[in-house]
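[1] here's a sequence, model it:
(chains A and B)
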Amino acid sequence: MGRFRTIAQPLGLAFAVLLLWEAAVRLGGIPDYLLPAPTSILAELAKRWPRILSNAWVTGLEIVGGFAVAVAVSLPLAVGIAFSAWMARTIYPLIVTLQVVPKIAIAPIFVIWFGIGWISKLTLVFLLCFFPMLVNAVAGFRGINPEIMDFARSTGANLWRLFWRIRLPSALPSIFTGLRIGAVNAVTGAVVAEFVASDRGLGYLLLEYNGNLLAGAVFATVFVLSAIGLAIYYTVEAVERLALPWHVAQRRGEEKAGEQT
Amino acid sequence: MTSVPIRLAGASKTFRRDGQTTEALSPIDIDIAPGEFFAVVGPSGCGKSTLLKMIAGLVPASTGTVAVAGNAVEEPVTDLGIVFQSPVLLDWRTVLGNVLVQLELRGLYASAYEPAARRLLEAVGLKGFEDRYPFELSGGMRQRAAIVRALIHDPPLLLMDEPFGALDALTREQLRLDLEALWLARRKTVVFITHSIDEAVLLADRVAVMSPRPGRIERLLTIDLPRPRALVARQLPGFTEVVEEVTRLFLERGVLQTTGKLAVELGPQS
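    The predicted structure follows:
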């Protein structure tokens, strides 16, 4: 019952909103180039599917690639910053300061540096993922309960065992928070990078459709983009569920407790 | 070796922070015999925990020396079990996994200890909860799991920092009985920190009474009550005498006050 409700209720609401949208457009006589009805968006999606799909591959690869590079760079760096006082003193303040630079504002310069190909896209996706991943991972490694460390030290465990059995598992919930934020940012990064300069990808397609006042095609493209974003987000969540069953269950327990009060 | 001696000679602790030095512990001399149950009782902030961490080698002494089993303590002592006031279990491991991590961290073959771990868990009333995660347990159950974790490798020394402090009165009483039975069977050296005068007197061979800021040992009392003390010892005249002596000491030092100060004017003022 509870599980059915958590899935069925939001779905039901979404369906109701779509119905209302459809009715408003049809009865209100809103022209298609301003706000197309859900059914005509679906028709557009079907009509343009091959082109949207081939461009979705381009954007999807940029998203996954940038996300993967960000994971590969930020996690080892976070370990370094968390365990080396020298790195924490020198590199980390610099990174935290650089974080305030609006990454999107420097996207045009990547085009000058790397051309309009996939490298400039990957760079922006990487930057938008990198900071939340790094900051959350560092916080996770640092936030360990000092008494757990007291216990662990009293066992005489070497650094290797301390890391794999104590420090990394205790940092994982925070690391996954960073990954989830990164997953959302990655989609934005890829589209914005394609807006700046590109000759393919869903962002490029969006600009073209918008320029031709094809609102239905624009919505269809946004729909596909959102689907890609959701897929990545839920992949991260699924990995988290596998890696941290205790944490997911704990979080759900807290949510339930919150509902009752 | 089933138990070890502990010797503190002029061991003190000062903390430095922002150029200010705080004396947490005045120089302390104690000799704890192998197999002795040694309790430390004192108010909050008297440096009891610091004393324990100095013995464990988790906090270095500022002056003097600490020796466990005849060896000067310069790094964390590993031949011991520690129980803290909070259970400090690993959230990501089941109860059984939390017990076995003690062995994994020591590089021992953990699954060889699994039967012993299950027996110990059953002995403290956690049978059937071996595969639960800490967040699914009550505070008392978590603390019992933490105690099993401190015992599983059969250490000669047990350091307990207010282990029953966060528990309800009944669980507390039960665990005290269990601990005495365990100690009688195994005769490990135990250093037991508490702020409960009763608990200290009921468990220990000797009780060190500490005074606050800077912490020092005000008096060392030898508790000469027959064992097992279990529940009957409370009725013995010897018990009452010692408890009264400690209480009197706390009254003299202002740790306890007979005239309650909570009877202040309440409500809005006109």
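
[2] OK, contacts around B:Arg253?
    With contact taken as C-beta atoms under 8 Å, 6 or more residues apart in numbering or on different chains, B:Arg253 is in contact with B:211-212, B:218. All C-beta atoms are positioned from the backbone trio N, CA, C, and that covers glycine.

[3] of those residues - the most surrounded one?
    The most crowded member of those is B:Ser211, carrying 21 neighbours; neighbours defined as other C-beta atoms under 10 Å in any protein chain shown.

[4] what about that residue, distance to B:Ile193?
    15 Å (C-beta to C-beta, to the nearest Å).

[5] pLDDT weak spots in the stretch 151-270 of chain B?
    B:259-261, B:263-264, B:270 (pLDDT under 70).

[6] helices of that one, start to end?
    B:169-186, B:197-203, B:237-252 (DSSP state H, counting those that start in this stretch).

[7] any idea which of those gets closest to A:Met149?
    helix B:169-186 (25.1 Å; C-beta to C-beta).

[8] any idea how far the residue nearest the centre of chain B lies from chain A?
    Closest to where the C-alpha atoms of chain B average out (C-alpha atoms, centre = their mean) is B:Met160, at 2.5 Å. Counting by C-beta to the nearest C-beta, to the nearest Å, the separation of B:Met160 from chain A is 13 Å.

[9] again with B:Ser196
    For B:Ser196 relative to chain A (C-beta to the nearest C-beta), the value is 21 Å.

[10] what about that residue, neighbour count?
    16.

[11] contacting residues around it?
    Counted by C-beta under 8 Å, 6+ apart, B:Ser196 has contacts B:41, B:164.

[12] re earlier: reformat the contacts of B:Arg253 as CSV; add distance to A:Leu207.
    As requested, the contacts of B:Arg253 are exported to CSV (distance: C-beta to C-beta, whole Å):
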residue, distance to A:Leu207
B:Ser211, 77
B:Pro212, 71
B:Glu218, 80
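
[13] so which of the residues you listed comes closest to chain A?
    B:Pro212 (22.2 Å; C-beta to the nearest C-beta).

[14] three-state assignment of the nearest residue to the closest one once chain neighbours are set aside?
    Spatial nearest neighbour of B:Pro212, excluding adjacent residues (C-beta to C-beta, 6 or more residues apart in numbering or on different chains): B:Cys46 at 4.2 Å. Judged by DSSP: H, G, I helix; E, B strand; the rest coil, the three-state class of B:Cys46 is coil.

[15] next, the buried residues of the helix or strand where A:Val191 lies.
    In this structure, A:Val191 sits in helix A:168-196 according to DSSP states H and E. The neighbour-count check on helix A:168-196 (16 or more other C-beta atoms under 10 Å in any protein chain shown) flags A:168-194, A:196 as buried.

[16] which positions in chain A make contact with chain B?
    With the criterion set to C-beta under 8 Å from any C-beta of the partner chain, chain A comes near chain B through A:145, A:147-148, A:150-158, A:161-162, A:165-166, A:169-170, A:172, A:244, A:246-247, A:249-250, A:253.

[17] show me how to select, in ChimeraX, the buried members of the residues you listed.
    A single ChimeraX command is used to select the members of these judged buried by 16+ other C-beta under 10 Å:
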select /A:147,148,150,151,152,153,154,155,157,161,162,165,166,169,170,172,244,246,247,250
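
[18] follow-up on the earlier one: surely the residue nearest to the centre of chain B touches B:Lys188?
    No. The criterion here is C-beta atoms under 8 Å, and B:Met160 misses it with B:Lys188 at 10.8 Å.

[19] how much space separates A:Leu206 from A:Ile52?
    With the distance defined as C-beta to C-beta, A:Leu206 ends up 10 Å from A:Ile52.

[20] equivalent analysis for A:Ala238, please.
    Distance from A:Ala238 to A:Ile52, by C-beta to C-beta: 25 Å.

[21] of these two, who's got more company?
    A:Ile52 (21 against 10).

[22] tell me the pLDDT at the more buried one?
    We have a pLDDT of 90 for A:Ile52.

[23] state the distance from it to chain B.
    42 Å.

[24] make CSV from the helices of the stretch 151-270 of chain B and add mean neighbour count to it.
    Output for the helices of the stretch 151-270 of chain B, formatted as CSV (neighbours: other C-beta atoms under 10 Å in any protein chain shown):
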stretch, mean neighbour count
helix B:169-186, 16
helix B:197-203, 23
helix B:237-252, 15
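
[25] would you reformat those helices as JSON lines and include distance to A:Val224?
    Shown next, in JSON lines, are those (distance: least, C-beta to C-beta, whole Å):
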{"stretch": "helix B:169-186", "distance to A:Val224": "58"}
{"stretch": "helix B:197-203", "distance to A:Val224": "67"}
{"stretch": "helix B:237-252", "distance to A:Val224": "73"}
